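show me the folded form of this:
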Amino acid sequence: MKNRKKNTSINTERNNPEYNIRYFFLFFSVIIITFLTFSCDKDAVYDDNITIPHYVWNYKDTLSFYVNISDTSYVYNICLNIRNTKNYQYSNLFLFISTYAPNGYFLKDTFEIRLADFKGKWLGKGVGNVFSLQVPYKMKIKFPQKGIYLFRIQHAMWNKNLKGITDAGIRVEKAR
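Numbers count the residues shown, from 1 in each chain. This next block holds a predicted model:
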């Protein structure tokens with residue numbers, strides 16, 4: 001009789017801490033998305049984020065957001081949403097933000113977001129190694145006309161491929 005080696009291997013992938021962490025974040029993400037989907041936010045006119053593939057934002061990659069403004073009698077706030085990992089190597093983020101009005105009017109801004117304080121502590125709310133921050137961009141403004149406004153966002157940092165930004169987005173809400 002040949003001496004056969006017993007197959008005692010257990011699915012080591014499930015015992016791997018990275019596997020468990022990955023599924024924890026997947027579960028947590030589903031919970032957050034469900035909460036945000038069913039929560040009642042009467043002031044939000046638009047709120048969307050775009051995930052940066054592989055968390056590497058190329059300077060040529062433009063994120064586009066189409067916001068429908070149906071009521072020009074309200075005053076609005078515009079906020080920017082940024083998510084970064086602990087691996088992001090800077091304490092700030094410069095952005096080019098272009099706004100296109102339905103009548104063809106165009107405005108381009110350069111905007112800085114502070115992501116960490118002077119001691120290196122991340123300013124956003126953190127879960128794991130990802131931090132979320134929402135910062136005011138334009139406050140208490142009136143849109144001059146009804147229609148679709150296009151917001152385009154590009155990073156304006158020196159690195160062509162900016163590593164560590166996971167998502168960027170925009171929120172338009174009725175001001176209180």
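
going by C-alpha atoms from here, please, whenever you check contacts or count neighbours.
OK.

what's near enough to touch Met139?
Residues near Met139 by CA atoms under 8 Å, 6 or more residues apart in numbering: 76-78, 175.

how about a cut-off of 7 Å?
Neighbouring residues of Met139 by CA atoms under 7 Å, 6 or more residues apart in numbering: 76-78.

what's the answer for Pro136, then?
Pro136 makes contact with 78-80, according to CA under 7 Å, 6+ apart.

do a quick rundown of the strands in this protein.
With DSSP state E, the ranges of strands along the chain come out as 44-51, 56-58, 63-69, 76-85, 92-100, 106-114, 125-127, 130-141, 147-155, 161-163, 165-174.

run through the bridge partners of Gly107.
In this structure residue 107 is Leu, not Gly. Note on Leu107: beta-bridge partners Thr99, judged by DSSP bridges.

how many other residues sit next to it?
Leu107 has 11 neighbours, counted by other CA atoms under 10 Å.

same check on the one 4 residues further on?
Phe111 is surrounded by 13 other residues when neighbours are defined as other CA under 10 Å.

mind checking pLDDT for the residue nearest to it when sequence neighbours are not counted?
Leaving out its chain neighbours, the residue that sits closest to Phe111 by CA to CA, 6 or more residues apart in numbering is Leu95, at 5.1 Å. pLDDT, Leu95: 97.

wait, what's in contact with Leu95?
110-112, 153-156.

let's see 8 Å
Contact partners of Leu95, counting by CA under 8 Å, 6+ apart, are 110-113, 153-157.

Arg152 now?
Going by CA under 8 Å, 6+ apart, Arg152 touches 62-65, 96-99.

now the contacts of Pro136 in TSV, with pLDDT?
Below are those laid out as TSV (pLDDT from 0 to 100):
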residue	pLDDT
Ile78	97
Cys79	97
Leu80	97
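
in this protein, where is pLDDT below threshold?
Applying pLDDT under 70 to the chain flags the ranges 1-42.
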